[in-house]
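J.: Pasting the sequence and the predicted coordinates here, then a few questions.
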Amino acid sequence: MPKGKEMGKSGRWLLVDTETTGLTQPIHAVEVAAQIMDGWKPVGEPFRQLINVNAEIPSEVSRVHGYTKEILERDGLPPTVVYEQLYEYADGAAVCSYNLKFYYDDVLLREWRRLGVEEILPPGFCLLRLTQRLIDPIASGNHKLQTLRQFYRLPERGAHTALGDVQTVIDLLTTVLRPIAAELGMHSVEQL
C-alpha cells in the first residue's frame, strides 16, 4: 500500500471503476467513475463520465452495462477530455480499485499509452486483495463485488455501472471491512 506522497494529500486516495468494451485487448473504457476517499470516508461528490471511444461494443458486453456505440456517440466525451477531468478531480491521489490489476494496468494504463497521455495518476492499492485478506470467502461463496453486496445486504447501486460499483465498494468498506479491520487493531487505511 502506498504511503505518504503516493497516498495523496493527507492520506487521500481515489477509488476508480470503469465499464469497458470487453475483457480482451484492445480494451477501451466507456464509462469511468471515481470517488475521492480520505481514509475510510468519501469526500465530496463522485466523478462520472461516459467516454466516446468511437468503437463497436459487442452485444454481449452491451447487455451487461447497457452502453452502445450510439449512446456513447450521443452522451460521451472524447477520451482525452475525460482523462483530463479525472486528473483534475484526483488532485494527485493514487488510483485504487476493486481489482486494480484490471482497472489500472489493463484498462487505464493501456488507454493512456494508446492516447499518448503520460501515466497521469499513480497506482495505489487493490481493494479486492484487501477484501481477500479480511473476509473468508466460504460464507459468501466468493469475493465478487456483487456476491458480497448480496451476502451482506448492502444497497443496490446499479451493478455493472462504474458509479454503481464505486458506491458499492464504499458500502463494503464502511459497513463490512472497516469493522473487521478495527477488530484486528487496524484503524487507518495506512495500517492495512
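T.: Okay, I see it.
J.: Please enumerate the helices of the protein.
T.: 59-65, 69-75, 79-90, 100, 110-114, 127-134, 137-140, 145-151, 162-172, 178-183 (DSSP state H).
J.: winner for burial among these?
T.: helix 162-172 (a mean of 23; mean count of other Cβ atoms under 10 Å). In short, each C-beta sits where N, CA and C put it, glycine included.
J.: what helices or strands is it leaning on?
T.: strand 12-20, strand 29-38, helix 127-134, helix 145-151 (3 or more Cβ pairs under 8 Å, 6 or more residues apart in numbering; DSSP states H and E).
J.: How many residues are close by residue 156?
T.: Other residues within reach of residue 156, judged by other Cβ atoms under 10 Å, total 11.
J.: I'd like to know how far the spatially closest residue to it that is not a sequence neighbour sits from residue 68.
T.: The shortest distance from residue 156 to any non-neighbouring residue, by Cβ to Cβ, 6 or more residues apart in numbering, is to residue 149 (7.4 Å). Distance, residue 149 to residue 68, using Cβ to Cβ, to the nearest Å: 26 Å.
J.: who touches residue 163 in this structure?
T.: 17, 31, 33, 46, 48, 157 (Cβ atoms under 8 Å, 6 or more residues apart in numbering).
J.: I'd guessed the first one sits against residue 162; true?
T.: Yep, that's residue 17 we're talking about. Yes - with contacts counted by Cβ atoms under 8 Å, residue 17 reaches residue 162, the gap being 4.4 Å.
J.: got any residues that touch both of these two?
T.: 32-33.
J.: Kindly state the beta-bridge partners for residue 96.
T.: On the basis of DSSP bridges, residue 96 is bridged to residue 15.
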